[in-house]
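>>> no sequence on this one, just coordinates:
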């Protein structure tokens, strides 16, 4: 069994290869993080206007960003496997425009950037943060470890 991922491409620009990459890297990362099978999460691909609207509405920041995560149990202890309750992890929203911009700026492939953003979003859903130096080090180290092991090296 595996994690259940609902991926929506609101831009209608994603190729099947890129959709499969995001699904596969999230499955891989979920196993690395020992997320129970049948846990559900969604990924939505939007453009810069779409993510700017979401960023402004929910975070009060009126600019486009690369990825936003909404954990469903953000302020509660997550209890996996409760009977009769679906394991809903949350939502990851990725701007394809920002992913393309950042891939060019960092000199790596769009696939590497999409993988990075997907894993980054997943780790946020699991409670990782980068608001302090130590938590940032921990999160970014974990991201790199997962991406490198999967084969999406810089």
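Looks like it arrived, so ask away. Just so you know, these numbers come straight off a predicted model, no measurement behind them.
>>> now residue 68, nearest residue through space, not along the chain?
Spatial nearest neighbour of residue 68, chain neighbours left out: residue 93 (4.7 Å); criterion: C-beta to C-beta, 6 or more residues apart in numbering. Every residue, glycine included, has its C-beta placed from N, CA and C.
>>> so that neighbour sits in a helix?
No. Read with DSSP: H, G, I helix; E, B strand; the rest coil, residue 93 is strand and lies in no helix.
>>> just to check, it is in contact with residue 47?
No. Contact criterion C-beta atoms under 8 Å: residue 93 and residue 47 do not qualify, at 11.0 Å.
>>> between these two, which one's more packed in?
Regarding residue 93 and residue 47, a neighbour count based on other C-beta atoms under 10 Å identifies residue 93 as having more, with 24 against 15.
>>> where exactly do the helices run in the chain?
Defined through DSSP state H, the helices belonging to the chain, from first to last, are 16-32, 48-59, 96-106, 110-125, 133-150.
>>> low-confidence stretches in the protein?
Scanning the chain for pLDDT under 70 picks out the ranges 1, 73-86.
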